[in-house]
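>>> Fold the following for me, if possible:
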Amino acid sequence: MSKHTPPPKQLSFAAYEFSRKKRVTRREKFLAEMERVVPWERLEPVIEPLYPSAGRVGRQPIGVSRMLRMYCLQQWFGLSDEGLEDAI
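Okay, the predicted model is just below:
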């Protein structure tokens, strides 16, 4: 039995496009600034005890971290619940 290394994996179209990307989009700039400015690590522990847990009827709740960011974006841009879902 001979040992050989497998050929490198082929990139997907999305991975290829991302690897060729040269400039940062406005969305990426905004999200990076949001991460830098908002004190998420201080807000999340305050909200977590009040956030619903699993076991309820309907959709399973998503994480506090993601939901908090989504709520902030919804308020900042005046989005409805459906508008937020479409934007995501």
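>>> Output the below-cut-off pLDDT ranges for this structure.
Scanning the chain for pLDDT under 70 picks out 1-8, 21, 55-56.
>>> Quick one: the helices in it, in order.
In the chain, the helices defined using DSSP state H lie at 13-20, 26-37, 40-47, 64-77, 81-87.
>>> Need those helices in a markdown table (columns: distance to Ala54).
In this view, the C-beta of every residue, glycine as well, is placed from N, C-alpha and C. Compiled in a markdown table, these are given as follows (distance: least, Cβ to Cβ, whole Å):
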| stretch | distance to Ala54 |
| --- | --- |
| helix 13-20 | 31 |
| helix 26-37 | 27 |
| helix 40-47 | 17 |
| helix 64-77 | 13 |
| helix 81-87 | 20 |
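>>> if we compare those, which one ends up closest to Gly58?
helix 81-87 (13.4 Å; Cβ to Cβ).
>>> Please enumerate residues in contact with that closest one?
Residues from elsewhere that reach helix 81-87 (Cβ atoms under 8 Å, 6 or more residues apart in numbering): 70, 73-74, 77, 79.
>>> Does Leu73 touch Met67 like I think?
No. Using Cβ atoms under 8 Å as the test, Leu73 is too far from Met67 to be in contact (10.8 Å).
>>> burial of Asp86, as a residue count?
9 (other Cβ atoms under 10 Å).
>>> center of this protein, which residue is that?
Arg66 (6.5 Å; Cα atoms, centre = their mean).
>>> how close does it get to Ile47?
Distance, Arg66 to Ile47, by Cβ to Cβ, to the nearest Å: 12 Å.
>>> For the residue lying closest to Tyr51 once chain neighbours are set aside, give me its contacts.
Sequence neighbours aside, Val64 is the residue nearest to Tyr51 in space, at 5.0 Å (criterion: Cβ to Cβ, 6 or more residues apart in numbering). Going by Cβ under 8 Å, 6+ apart, Val64 touches 44, 47-48, 51.
>>> what about 10 Å?
40, 43-51 (Cβ atoms under 10 Å, 6 or more residues apart in numbering).
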